[in-house]
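In: Next comes the sequence, and after it the predicted model I'd like to discuss.
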Amino acid sequence: MIRPQVVRRRIGAGAVLAAALTLVQAATGVAPVVAAAPPIKAIATMDLSKPFATRSPWRFTATQGPDTNDTPSAEGTEPGAIRLCISKDGGRSCHPSLNTLLIAPGGNANDTFSQPHYLGMPTLLHPATGVTLLRIEADSLHAGNGDQLHGTALLRYDRAADAFVTVYERFVGHNNNQEIRYIDAGPLRGAVITAEPTQDAPFGYWITISRFAGTSYKQALRYRSATRYGDNNPLAVIDAEMPNIFSRLGLWHSGQPLPRPAQGCARPHMVKGALWC
């Protein structure tokens, strides 16, 4: 006896759905209405060819998927996942990849909080005369306790390679006064300062200062803050630490006028090594 030949084919999800809809129509006589998939929408775009005088038509774009209720903290929904892309071929390829903006080294790319869902305004920065950088800032979904990851990437254009290069990338949380701050004027022009909580007593912050050095950012200073967690200082941690930052970098000495925060500090004074107002 000759066995009949069996041909196995992999049926795609679209074919399965079409077959199911056909059965529904045959049984009821009514063609079912299929809701269209929520569209992916463009939420930001920036022509990079002019400000960076690029050799190719480079452009930054950000597209966002449908709203999501993936996190228990969301009252209803939060904005959908965002795809960040720097491309010279209309978005067909993205270089460099910004997919790691909210992923720790060795972290899980499929983690709920590894994708950006909120986007800051893309900004051009000038850390030094004749130098232009692109700043991209994005945030994750909110956790159940309201916490959220915030990431910052700075990129420059390499004209010889006709490519954009990431020169700084970092993310921090939100609930414990963390911050990433770019300094756009003054003695620290172009520096990036981060404040992140320590994990052991006395509970304060790690203050890290990175400065632009020709083609990339280099760490210039890292120290444990005088500011303590929960000390009720109304100033942001970085503002409270400015005298220490300036002093450690040789930019301020005791007896000189205290460095003032950018806004609202009529009577700055020192308390236990930190600036208060």
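Out: Cool, got the structure.
In: residue ranges for the strands of the stretch 1-150 of the chain, please.
Out: Ranges of strands in the stretch 1-150 of the chain, per DSSP state E, counting those that start in this stretch, are 41-47, 59-64, 82-87, 118-119, 123-125, 133-139, 150-158.
In: right, and those - which one's nearest His253?
Out: Proximity to His253 (Cβ to Cβ) singles out strand 123-125 among these, at 29.2 Å. Placement of C-beta: from N, CA and C, glycine included.
In: which residues are in contact with that closest one?
Out: The contact list for strand 123-125, computed with Cβ atoms under 8 Å, 6 or more residues apart in numbering, reads 51, 132-135, 154, 182, 184, 190.
In: Mind giving me the ChimeraX command for buried ones among these?
Out: Selection of buried members from these for ChimeraX, criterion 16 or more other Cβ atoms under 10 Å:
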select :132,133,134,135,154,182,190
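In: re earlier: want to throw the strands of the stretch 1-150 of the chain into CSV with distance to Asp111 and mean pLDDT?
Out: CSV is the format used below for the strands of the stretch 1-150 of the chain (distance: least, Cβ to Cβ, whole Å; pLDDT from 0 to 100):
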stretch, distance to Asp111, mean pLDDT
strand 41-47, 22, 97
strand 59-64, 19, 98
strand 82-87, 15, 97
strand 118-119, 16, 98
strand 123-125, 27, 98
strand 133-139, 15, 98
strand 150-158, 13, 98
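In: and the ones you listed as TSV, adding distance to Asp200?
Out: What follows is these, written out as TSV (distance: least, Cβ to Cβ, whole Å):
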stretch	distance to Asp200
strand 41-47	40
strand 59-64	38
strand 82-87	35
strand 118-119	31
strand 123-125	35
strand 133-139	28
strand 150-158	24
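In: closest one to Ile103 among these?
Out: strand 150-158 (9.0 Å).
In: neighbouring strands for that closest one, and are they parallel or not?
Out: strand 133-139 (antiparallel), strand 163-172 (antiparallel) (DSSP bridges).
In: moving C-terminal of the last one, what's the next helix or strand?
Out: On the C-terminal side of strand 163-172, the nearest following helix or strand under DSSP states H and E is strand 179-182.
In: Which strands border that next one, and is each parallel or antiparallel?
Out: strand 192-197 (antiparallel).
In: any idea of the mean pLDDT for the strand it pairs with?
Out: Strand 192-197 shows a mean pLDDT of 98.
In: Show the contacting residues for Phe164.
Out: Applying Cβ under 8 Å, 6+ apart, the residues near Phe164 are 48, 58, 86, 95-96, 134, 155-158.
In: Most neighbours among these, which one?
Out: Neighbours here mean other Cβ atoms under 10 Å. Within those, the largest count is held by Ile86, at 25 neighbours.
In: Is it bridged to anything, and to what?
Out: Here Ile86, judged by DSSP bridges, has bridge partners Phe60.
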